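Novice: What would the 3D arrangement of this be:
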Amino acid sequence: MQNILSKKDGLIVKEKMLLYYLGIGKKDDEIPDIEQITPSDWEKLIEKAKERKVASMLFYSLSQSRKIDLLTKESQLALRKSYLAVLSKNMKIYGELAKLLERLNDEEIPVIVLKGAALAELLYENIAIRPMQDIDLIAKGDDIKRINDILLELNWENQEHLSTSGFHKEFSKHISYVTGRVLMEIHPKLYEFPKLDPWANAVSAKICSNNTFILGKEDFFLHLCIHLEDHYRTGLETNLIWYIDVANFLQRYQDDINWDYVAKISSESKFDGIIHSILREINQSFNGSIPDHIINRFTADKSDLSIEKVFNHVSNPIKHFFALMAEVSGPRNASLKNRAFIIFRNIFPCKAYMVEKYEIKNENLFYLYYFVRMFRGIKKFFIGLYHLPNYLSHKKLKN
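Specialist: Next up, the predicted model:
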């Protein structure tokens, strides 16, 4: 057997192979039959899958197609361990979510379950396939205080002072909580679409055997796309699983989506180019079959979210500065007042935030810690600048 991934274009072949054997990519002449793949190549492919957080999905896909037995025992074991690790973590996450949803239902407090916690159970129908980092919920503004009290009763700890945006409650894009190793973020709205009412099109769903709500199909699709783009644009972590979420979501719901609504919202939010780029890529690199008349409803621009860029994405050492600048300059914060407010609140967050973040014993002296905050921020920025040349050279090499 030839060593397929040792070719000059091996990286591209490896990416295509991974997508294909995940059951979401297209088969072409470059992708070998599974019998032709050497044990060494499988090791590389599995490492790539682990790196991109899709190893559990790869195990499931190969098992469903009965191809898993063609791998070496070592490769099977490596994939099975990844699958069981995701299952174990997600069982803990869903266990905590179930307790919270049950309590919220008792108190008649509605929430919308976002992203992974909704996708794993409702789209993938197997919680071991779709890895999750945390639980994301949308709550109505008037209910946030009540939910906070319930979470504290259920032994969750309010981690708002760890929010990377530096905002406190009324200014925050989310309020963070933790219990054990399970993280949760409560959002007052869809941060990416501040003018959109997520409750207007929310639909009922059953998650963890509890009644709750998820976003309507159109809002769900938009949120998945912009969440992917937001992380890529700001230099934060970009996971392949987020692209696979979009591809699988469209595979299931494409014909049910009101594309007039999607086109209207994306145009108003100035996200046309992003949606156009993602839809094109779904057709080119995945098993997508989105008609041109739908794709052409979204005006193309310089947005480039090709799967190669996602595969080759490297983290920016001054990513938090980039994230702030992207947030300030983004179309969602068009007014000068909003942009000035975001900068001001990042540099000078509220008293409650400062007291918790810096563990200030004398609360009346909290304002002195703004100097500490600025010093640490400047220090972190210059350390990032020091590492920036390595980041740029690495990024250039990968591209």
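Novice: domain ranges for this protein?
Specialist: 4-85, 91-215, 216-314, 319-398 (automatic domain parsing).
Novice: which one of these has the lowest average pLDDT?
Specialist: Lowest mean pLDDT within the domains of the chain: domain 319-398, a mean of 69.
Novice: quick one: the strands in the stretch 1-150 of the chain?
Specialist: For the stretch 1-150 of the chain, strands defined by DSSP state E, counting those that start in this stretch occupy the ranges 111-113, 135-139.
Novice: Could you do the stretch 251-399 of the chain as well?
Specialist: Using DSSP E, counting those that start in this stretch, strands in the stretch 251-399 of the chain do not occur.
Novice: related to what we said a few turns ago, kindly present the domains of the chain as TSV, with separate columns for mean neighbour count.
Specialist: Every residue, glycine included, has its C-beta placed from N, CA and C. Below are those laid out as TSV (neighbours: other C-beta atoms under 10 Å):
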stretch	mean neighbour count
domain 4-85	17
domain 91-215	17
domain 216-314	18
domain 319-398	14
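Novice: And the helices in the stretch 201-350 of the chain?
Specialist: Under the criterion DSSP state H, counting those that start in this stretch, helices of the stretch 201-350 of the chain are mapped to 217-233, 240-253, 259-268, 272-285, 292-295, 307-311, 319-329, 336-347.
Novice: relative to helix 217-233, how tilted is the fourth one?
Specialist: Direction vectors for helix 272-285 and helix 217-233, defined by axes from the mean of the first three to the mean of the last three C-alpha atoms, to 10 degrees, enclose an angle of 90 degrees.
Novice: which residues sit against helix 272-285?
Specialist: 19, 25-26, 222, 225-226, 228-229, 243, 246-247, 250, 262-263, 266, 288-290, 294-295, 298-307 (C-beta atoms under 8 Å, 6 or more residues apart in numbering).
Novice: what's the distance between the nearest residue to Arg146 once chain neighbours are set aside and Leu152?
Specialist: The shortest distance from Arg146 to any non-neighbouring residue, by C-beta to C-beta, 6 or more residues apart in numbering, is to Ile109 (6.1 Å). Distance, Ile109 to Leu152, using C-beta to C-beta, to the nearest Å: 15 Å.
Novice: how about the strands of the stretch 1-150 of the chain in TSV, adding distance to Leu77?
Specialist: TSV is the format used below for the strands of the stretch 1-150 of the chain (distance: least, C-beta to C-beta, whole Å):
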stretch	distance to Leu77
strand 111-113	33
strand 135-139	30
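Novice: Show me the one of those strands that comes nearest Lys14.
Specialist: Smallest distance to Lys14 across the strands of the stretch 1-150 of the chain (C-beta to C-beta): 31.2 Å, for strand 135-139.
Novice: Could you check how far that closest one is from the centre of its chain?
Specialist: How far strand 135-139 lies from its chain's middle: 13 Å, per C-alpha atoms, centre = their mean, to the nearest Å.
Novice: quick one: contacts for the nearest residue to Met17 once chain neighbours are set aside?
Specialist: Nearest residue to Met17 in three dimensions, chain neighbours excluded: Ile31, at 5.4 Å (C-beta to C-beta, 6+ apart). Going by C-beta under 8 Å, 6+ apart, Ile31 touches Val13, Lys16, Met17, Tyr20.
Novice: Could you rerun that using 6 Å?
Specialist: Lys16, Met17, Tyr20 (C-beta atoms under 6 Å, 6 or more residues apart in numbering).
Novice: Quick one: list the elements packing against the longest helix along the chain.
Specialist: Longest helix of the chain, by residue count under DSSP state H: helix 73-106. Packing partners of helix 73-106 (3 or more C-beta pairs under 6 Å, 6 or more residues apart in numbering; DSSP states H and E): helix 55-64, strand 182-187, strand 210-214.
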